[in-house]
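[1] just need the structure, nothing else, for what follows:
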Amino acid sequence: MCGRYSIVVNGKVLMDYYSQLEMDEKFERDMKANYNVAPTQSMPVATAEGVELMTWGLVPSWSKEFKPAFTSINARAETLAEKPLYRGPYKKRRALIPASGFYEWQKRETFKQPYYFQLQNRALFSFAGLYDVWYDSAGVAHKSYTIITTKPNSTLEDIHDRMPVILDRDEEAHWLDPKTEPGELQLLLDPYDQPMKRHEVHRDVGNVKNNHQGLTFPLNSE
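    Sure, this is the predicted structure:
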């Protein structure tokens with residue numbers, strides 16, 4: 001799964017990266033680094049309509065209330081077309097979730113050790129995701145998202161049995177394109193096959209109240 005990630009670039013870098021999409025200038029002005037993104041937080045999400053803030057933890061349009069759940073922060077790539085929660089968004093509401101890195105925990109004998117994962121040559125990249133829109137009684141739209149996971153690649157396989165789907169730059173537009181065929185979409189959801197790097201980090205990242213650059217530093221580094 002993917003339960004924590006980081007996005008540490010400034011707003012200008014984000015706007016440049018998604019320059020082909022509509023984006024409010026407030027991102028360039030107000031965006032701050034987040035070293036410990038956690039479920040239920042509102043984060044930038046890119047769709048075919050533009051980039052906007054959404055809540056992490058997908059709430060379906062047919063839900064009785066807008067209550068993001070930990071169980072919907074991730075969606076398995078293998079069952080997107082089958083599960084009612086994700087079937088509709090998979091067809092019509094695909095998203096890109098910008099990130100700088102992500103965390104996974106390895107089970108040890110008496111504790112879980114967090115690792116921080118990054119791409120070798122990209123300071124910003126996109127997870128493949130889905131989003132949905134829930135309307136309250138006043139007709140106000142509330143948007144939420146989930147990150148798609150797949151089997152781990154060689155960088156993660158000894159740490160966890162799942163990893164977030166990371167898209168190459170040329171795959172991002174295909175993922176958002178409403179004309180992309182289902183068979184093509186599934187081909188985009190394979191484990192990331194480009195160079196990655198990882199290192200152990202302090203267990204402080206497990207506490208959502210902690211949010212500082214040191215969370216991404218190698219364990220025991222000064």
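[2] run through the chain and note the low-pLDDT ranges.
    Along the chain, segments meeting pLDDT under 70 span 221-222.
[3] quick one, strands of it?
    Applying DSSP state E to the chain gives strands spanning 4-7, 34-37, 42-47, 50-56, 74-76, 94-99, 101-107, 112-119, 125-135, 141-150, 163-164, 166-167, 196-200.
[4] could those strands go into a markdown table alongside mean neighbour count and distance to Glu25?
    (Each C-beta comes from the backbone N, C-alpha and C, glycine too.) Below are these laid out as a markdown table (neighbours: other Cβ atoms under 10 Å; distance: least, Cβ to Cβ, whole Å):
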| stretch | mean neighbour count | distance to Glu25 |
| --- | --- | --- |
| strand 4-7 | 23 | 18 |
| strand 34-37 | 20 | 19 |
| strand 42-47 | 20 | 13 |
| strand 50-56 | 19 | 11 |
| strand 74-76 | 20 | 31 |
| strand 94-99 | 25 | 17 |
| strand 101-107 | 19 | 26 |
| strand 112-119 | 19 | 27 |
| strand 125-135 | 22 | 21 |
| strand 141-150 | 22 | 20 |
| strand 163-164 | 26 | 29 |
| strand 166-167 | 23 | 25 |
| strand 196-200 | 15 | 33 |
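[5] closest one to Glu184 among the ones you listed?
    Glu184 lies closest, by Cβ to Cβ, to one member of those: strand 94-99, at 11.9 Å.
[6] for Leu20, which non-adjacent residue is spatially closest?
    Actually, residue 20 is Gln rather than Leu. Excluding the flanking residues, the one nearest Gln20 by Cβ to Cβ, 6 or more residues apart in numbering is Ala173, at 7.7 Å.
[7] Leu85: which of the strands of the chain is closest?
    strand 74-76 (7.6 Å).
[8] what's in contact with that closest one?
    Residues outside strand 74-76 that contact it (Cβ atoms under 8 Å, 6 or more residues apart in numbering): 1-3, 58, 83, 85-86, 130, 146-150, 162, 164.
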